[in-house]
Structure formats: C-alpha cells, structure tokens
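Enquirer: Sequence first, predicted model second:
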Amino acid sequence: AMGYPSQFGAKLSLPKSQFGFALKVPDFRINFALNCGSLSCPSKVSIFKGELLDYQLDSTAVSFLQAAKVQFENNDVVVQLPQVCQWYIDDFGGNVLNLLDKVEAFFSDDDQDKLKTVDEDDERTIIIKYVPFVYECRTLTLEAQRTRRSGRNFEDIDPFADSDFVEEEELESIEADDELDDDDEDVEDDDNF
C-alpha cells in the first residue's frame, strides 16, 4: 500500500478541508484514467467528455486491464494485475476480494470464464500477483475515440460528435494571432539586451 506523509509534512501541505468538487466516494476507474507516461500505462491519453464520462471510464479500465492475465497454474487460478491496483487498493474496496470483484467485469470473456472455474471447483483457489511497475517513459498520443459498454460488449462512439468545433478559417485566424503575439515577445526580448 502507498505510504502517507509524515505528521510534520501533512501539517504543511495537506488542506484541512475538502474541496466542494472532491469525490466523496472513490471511483476505482480513475486510477486507470490517470496516465504518467510510463511503460506501465497505456500509450494513449484519453480525452474525456462529461456526458460520456461513465462509458469512457469503463473503456479506459478495459484498456488498462489488457495487461492483466488470468492463467491456470497447477490447480489454482493466478490473476496478474497492474501494480496500480495494489497501490490504490483502498479505492477498490480495501481488500483483494473487493479488488477482484471490481476489475473482473473489465476482463475478457475468456478470463472471466477462468475465474468462474473457482466457484465450480472447491479445490481451486485464486492467487493475486501484481506486475511490477515500469517507470521508463514512453511517447503518448491523445485518444478522442472511446467505446461505450452495453452489457459485455463495447461499441465505438465519438465523444466529439456533438461538440462545437472551431471552424478551419477561425483556427487559421487564431494561429495567425498567436504568431503575431510570439513575434511581439521576440521583439521585447531583443530590447532587453
């Protein structure tokens, strides 16, 4: 589990009250939406849209949990999960049973079927292992296309379909204004020398 700041550090850095927009109940899927750019995170950073947020968080969880593996070893079912799940286990309910219950819904049908064999066979147990986090950086891309979950299936949706886009001519005008502003800054910098 993640450590907490010392009492001394907490007095200096942590606010004494909660913000009005802070989550009252943690949503474990947010742990999959945050992307630090390491090799242990997906290569795409999602662009979220308010009215599609629930669907997009589901899709992000599916994408992040593609690294999870469910395998048979001897008579056991071994589930390998990203280490983020271990670090923030409190967001998943505080124990491995709650963690597995929450993430199982985002596994492939095949992996879900493997987990069901534990219910059918009293001799079989589930072993949770965590894949070590790789801190090495990767190149990231933005991902606007997300998927919507309906039952156990996912379908493509476009979160920008209803958005107001800046017209191409307006965009060129904005870019031209930005270039003029950049030129003005260069002139000011030259005056200082």
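Expert: Yep, it's here. Numbers count the residues shown, from 1 in each chain.
Enquirer: what ranges do the helices span in the protein?
Expert: Secondary structure of the chain by DSSP state H: the helices cover 7-13, 30-33, 53-64, 83-87, 96-103, 109-120, 168-191.
Enquirer: these two touch, right, residue 135 and residue 38?
Expert: Yes: contact criterion CB atoms under 8 Å: residue 135 and residue 38 qualify, at 5.2 Å. All C-beta spots, glycine's among them, are computed from the backbone N, C-alpha and C.
Enquirer: mean pLDDT for the helices of the chain: which is lowest?
Expert: Confidence, taken as mean pLDDT, is least for helix 168-191 of the helices of the chain (a mean of 49).
Enquirer: Residues touching stretch 70-89, excluding its own?
Expert: Stretch 70-89 has contacts (CB atoms under 8 Å, 6 or more residues apart in numbering) with 1-2, 28, 31-32, 40, 64-65, 67-69, 92, 95-96, 99-100, 103, 107, 110-111, 114-115, 117-118, 121, 123-133.
Enquirer: ChimeraX command for the buried members of those residues?
Expert: Buried residues among these (16 or more other CB atoms under 10 Å), as a ChimeraX selection:
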select :28,31,32,40,64,65,68,92,96,99,100,103,107,111,114,115,124,126,131
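Enquirer: Put the alpha carbons of stretch 78-97 into PDB.
Expert: C-alpha atoms of stretch 78-97 as PDB (Å, rounded to 0.1, in the frame of the first residue of the first chain):
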ATOM      1  CA  VAL A  78      -3.400 -16.900 -11.000                       C
ATOM      2  CA  VAL A  79      -4.500 -13.300 -11.700                       C
ATOM      3  CA  GLN A  80      -1.800 -10.900 -12.600                       C
ATOM      4  CA  LEU A  81      -2.900  -7.300 -12.100                       C
ATOM      5  CA  PRO A  82      -1.100  -4.000 -12.700                       C
ATOM      6  CA  GLN A  83       0.700  -2.700  -9.600                       C
ATOM      7  CA  VAL A  84      -1.500   0.400  -9.500                       C
ATOM      8  CA  CYS A  85      -4.300  -1.900  -8.200                       C
ATOM      9  CA  GLN A  86      -2.100  -2.800  -5.200                       C
ATOM     10  CA  TRP A  87      -1.000   0.800  -4.600                       C
ATOM     11  CA  TYR A  88      -4.600   2.100  -4.500                       C
ATOM     12  CA  ILE A  89      -6.400  -1.000  -3.100                       C
ATOM     13  CA  ASP A  90      -8.400   1.300  -0.800                       C
ATOM     14  CA  ASP A  91     -10.100   2.800  -3.900                       C
ATOM     15  CA  PHE A  92     -11.100  -0.800  -4.900                       C
ATOM     16  CA  GLY A  93     -12.700  -1.600  -1.500                       C
ATOM     17  CA  GLY A  94      -9.700  -2.200   0.700                       C
ATOM     18  CA  ASN A  95      -9.000  -5.900   0.100                       C
ATOM     19  CA  VAL A  96      -8.200  -8.300  -2.700                       C
ATOM     20  CA  LEU A  97     -11.700  -9.800  -2.800                       C
END
